[in-house]
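Novice: Okay, sequence plus prediction incoming.
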Amino acid sequence: MGKYKNIKIRLQQGYVKMRKQRKMQQILLALFFFTCIFAILITSLRPEKLNLTVGQRTPADIYSPKEIEDKWETERLKEIAVEGVELKYKQDPSYHHEVKKDVEKFFVFLYKVRESEGMSKSERKTALSDNELNISGDVLDIALNAPIEKLEYLENYIYQIVAQNMSNGIKIEDLQKEKSNIRAFIESLEDFDDGLVDLGTAIINATIRPNKFLDIEATEQKRQEVRESVERVMIRKGDIILREGEVVTADRMSLLKDLGLLTTNSKLDIMLYAGIALLVLVLELIVIAYITVFNKELLNKVGILWMIALIFVSVTIISKVLSSISIFLMPVAAAAMLWAILTDARLSLILNLALILLVSVITGNDITFIFMALVGGTVGIFSVLNTQQRGSIFISGFMVSLAQVMTVMGFGLINSSEVAGVLAIAFYGILNGLFCAILTVGSLPLWESVFDVVTPLKLLELSNPNHPLLKKLLIEAPGTYHHSIIVGNLSEAATGAVGGNALLARTGAFYHDVGKTSRPYFFKENQLTSENPHDKISPSLSSIIITSHVKDGLELAKKYKLPQEIANFIDQHHGNTLVAYFYHKAKNGDNGDMMEEESFRYKGLKPQTKETAIVMLADSVEAAVRSLSAPNKEKIEKMISKIIKDKLEDDQLEESNLTLGELEKIKQAFVKVILGIFHERIEYPDLDIKEVKGRRAHESNN
């Protein structure tokens, strides 16, 4: 018991180790893909460095590699806009109150002095000269001698003038101008003589003051609003920065530096690198997510994932090279066709879309190219789905050309009236399709052989009777060859009935018994006489010889470089079934009690797929039906049902994912094919040739 427990622990440890190794390979693949695509896009989008100085003439037109703000021009427009901003002022109402108060104090003081008794004129003038407004001179005499009603009238008028002017606001720089305007206004009045005009002017000049001051905060806020309202001057990708022969100015030099176009500027364009990294990463994650959800079994096939990545990288490199001639020569559809042939059509659609989005970055996101590549790749995928000859891929290339030409011409006629230009691009679309077909046909054998991928084309080549191993089987074991052909027909029909890969099942059936070429006459179908070599050897040795044809077949598969999918049929077509005839013969012989059933079983794997399980059933059915003395439909159906039941009870089909409903369909397919092979023949009567000839001669003489 402890021994089996240790074996189980070692198996679990081996499984964990294998999972870790696979996970590491997947991570390395993801890093490889990201690094390669990132490097290709960087080399495509990173601009060429220029060696320029201020004052030098530009040797050629310089175009902007990306969209960028012209900071110098934007700043110039902002300064112009700011210069046009009016200064903002704010009034202080307290100054008006102070002026009015000062005027009022002066007149109160004046009336008091005038009403003083016992003072001479000179004493009153001296007393009045001590006023807070510092008014002096002849105007004091006017203030002392003018009629009181005139003074009161002047006082009220001064209040009105001050209120009117200060309510409008008086700036510091406009104070003298306002004083002059007030004097001119008073002089224009007929109610006052020159003396009162001078007095009023003196009082106003002494009291009036600025009450409208520059609002620095509001002005700066307005300036900032105006600056922010100025739209940035943007240079679009592809716009000319400097034309050939133009002098390089300081502002253009700064712009070239910001674009990273100068050799003296060693600063990395972080924005460019980050943008490309994000784009590659998000598309890689989408593809990984799709595979995880819809093609999870593909995650375990690291070799196939490497193949997908290498096709992706290779076509991207080729596209980059051809973009220097024309972006419409990029062979994106070739990758789509290869993926569809080598992997899965639905996965190919997602991969094609990801490739188009990444490659379109090289083209500057040209909408015509994107649509052309999308249509061409999709048509390429659909057209190669049922391809069974390599030559038909050229037909697919023609269909891709036609679809791309229609797409390009459609966009060209919408966006341009120059028919010649549209036809030139359409011509590139035709070349693109042909190049995709050549690239697909030329590289397909490489992908098939390096990554051991079995495509329909490869299966057809393997099923060709001229294949060296099939010729060997035909020559050295003709009975087994005939048996394999019938098993292939049975397997193809049954696999098609349950929606499996019928071509794979038929081809696998052709090779499932190639190991019998090592000792062909030990197998009944190759024995031309009644002499059976097994009669001369022990049942144990017979069992070893019979079961060894699986091991011998695997060695031949390795020698002739058969794909693993075909080798699986050799390994699994008997599973671990019991060689019942020799086992029972041994049990009934000497030392029968010592015979262990395990030593009379095959050592292969149980069928892991529907196709290998169907070949197992077809192999047994063909041999069993051939042994029937007078086969008819009832006997055939009964025999097939028994074989299927025996395989089920022996647990040979438990790992194949076949359902009971599918087994019934397989049975019906077997019956139909076998009845076609063992159909009833018309029994022709025996005829005497001489009698027939004599009768004909007699009839001709008559």
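Specialist: That came through fine. Numbers count the residues shown, from 1 in each chain.
Novice: ok, Ile291 to Ser167 distance?
Specialist: Relative to Ser167, Ile291 is positioned 81 Å away (Cβ to Cβ, to the nearest Å). C-beta coordinates here come from the backbone N, C-alpha and C atoms, glycine included.
Novice: Looking at the two, which has the bigger crowd around it?
Specialist: Legend: neighbour count by other Cβ atoms under 10 Å for Ile291 and Ser167, higher for Ile291 (19 against 12).
Novice: Could you say which helix or strand holds that one?
Specialist: When elements are assigned from DSSP states H and E, Ile291 belongs to helix 270-294.
Novice: what comes up buried for the helix or strand hosting Ile566?
Specialist: Assessed by DSSP H and E, Ile566 sits inside helix 564-572. Using 16 or more other Cβ atoms under 10 Å as the burial criterion, the residues of helix 564-572 that qualify are Glu565, Ile566, Ala567, Asn568, Phe569, Ile570, Asp571, Gln572.
Novice: One more: stretch 620-631?
Specialist: Using 16+ other Cβ under 10 Å as the test for burial, stretch 620-631 gives Ser620, Val621, Glu622, Val625, Pro631.
Novice: Where is pLDDT lowest across the residues you listed?
Specialist: The lowest pLDDT within the buried residues of stretch 620-631 belongs to Pro631, with 80.
Novice: List phi and psi for it.
Specialist: Main-chain dihedrals, Pro631, degrees, to the nearest 10: phi -70, psi 130.
Novice: Pull up the gap between it and Ile640, please.
Specialist: Here the criterion is Cβ to Cβ. By it, Pro631 lies 11 Å from Ile640.
Novice: what stretches of this structure score poorly on pLDDT?
Specialist: 1-16, 263, 265-268, 416-417, 530, 590-594, 678-702 (pLDDT under 70).
Novice: all strands for it, in order.
Specialist: With DSSP state E as the definition, the chain shows strands at residue ranges 62-63, 68-69, 89-91, 212-214, 234-235, 240-242.
Novice: between these, which gets nearest to Lys458?
Specialist: Closest to Lys458 of the strands of the chain, according to Cβ to Cβ: strand 62-63, at 48.4 Å.
Novice: which residues touch Phe582?
Specialist: Residues in contact with Phe582, defined by Cβ atoms under 8 Å, 6 or more residues apart in numbering, are His534, Pro539, Ser540, Ser542, Ser543, Ile546, Phe600.
Novice: and the nearest residue to Ile486 once chain neighbours are set aside, what does it touch?
Specialist: The spatially closest residue to Ile486, leaving aside those adjacent along the chain, is Glu622, at 5.1 Å (Cβ to Cβ, 6 or more residues apart in numbering). Listed by Cβ under 8 Å, 6+ apart, the contact set of Glu622 reads His483, Ile486, Val487, Leu490.
Novice: For Leu578, see how far away Glu622 is.
Specialist: As it turns out, when the distance is counted by Cβ to Cβ, Glu622 lies 19 Å from Leu578.
Novice: burial of the closest residue in space to Asp513 that isn't next to it in sequence, as a residue count?
Specialist: In space, Asp513 comes closest to Thr480 once its chain neighbours are excluded; the distance is 5.0 Å by Cβ to Cβ, 6+ apart. Neighbour count for Thr480, taken as other Cβ under 10 Å: 24.
Novice: list the contacts for Asn432?
Specialist: Contacts of Asn432 (Cβ under 8 Å, 6+ apart): Phe328, Leu329, Met330, Pro331, Ala333, Met372, Gly376, Val400, Ser401, Gln404.
Novice: shared neighbours of Pro631 and Ile640, anything?
Specialist: Contact criterion Cβ under 8 Å, 6+ apart; residues bridging Pro631 and Ile640 by contacting each: Val625, Ile674.
Novice: Tell me which residues touch Ile42, please.
Specialist: The contact partners of Ile42, taken as Cβ under 8 Å, 6+ apart, are Leu272, Tyr273, Ile276.
Novice: Any chance of a ChimeraX selection covering the buried ones in these?
Specialist: For the buried members of the contacts of Ile42, the matching ChimeraX selection, counting by 16+ other Cβ under 10 Å, is:
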select :272,276
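Novice: Same list (the contacts of Ile42) but as TSV, adding distance to Ile27.
Specialist: Written out in TSV, the entries for these read as follows (distance: Cβ to Cβ, whole Å):
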residue	distance to Ile27
Leu272	26
Tyr273	22
Ile276	21
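Novice: what about the nearest residue to Val247 once chain neighbours are set aside, how many residues close to it?
Specialist: Counting by Cβ to Cβ, 6+ apart, the nearest residue to Val247 once its immediate chain neighbours are dropped is Arg57, at 5.8 Å. Applying the criterion other Cβ under 10 Å, we find 11 residues in the vicinity of Arg57.
Novice: Arg57 is in contact with Val248, isn't it?
Specialist: Yes. Here Arg57 lies in contact with Val248, judged by Cβ atoms under 8 Å, at a distance of 7.5 Å.
Novice: Excluding covalently adjacent residues, which one is nearest to Asn501?
Specialist: Counting by Cβ to Cβ, 6+ apart, the nearest residue to Asn501 once its immediate chain neighbours are dropped is Glu611, at 5.8 Å.
Novice: burial of the one you found, as a residue count?
Specialist: Other residues near Glu611 come to 29 when the count uses other Cβ under 10 Å.
Novice: Then Pro456?
Specialist: Each residue near Pro456 was counted by other Cβ under 10 Å, and the total is 18.
Novice: what does Thr53 give?
Specialist: Other residues close to Thr53 by other Cβ under 10 Å number 9.
Novice: do the same with Lys23
Specialist: The number of residues near Lys23, taken as other Cβ under 10 Å, comes to 12.
Novice: One more: Leu413?
Specialist: 11.
Novice: With Ala30 instead?
Specialist: For Ala30, the neighbour count with other Cβ under 10 Å is 17.
Novice: Kindly report the same for Gly515.
Specialist: Using other Cβ under 10 Å as the criterion, the residues surrounding Gly515 number 24.
Novice: Right, I'll call it a day here.
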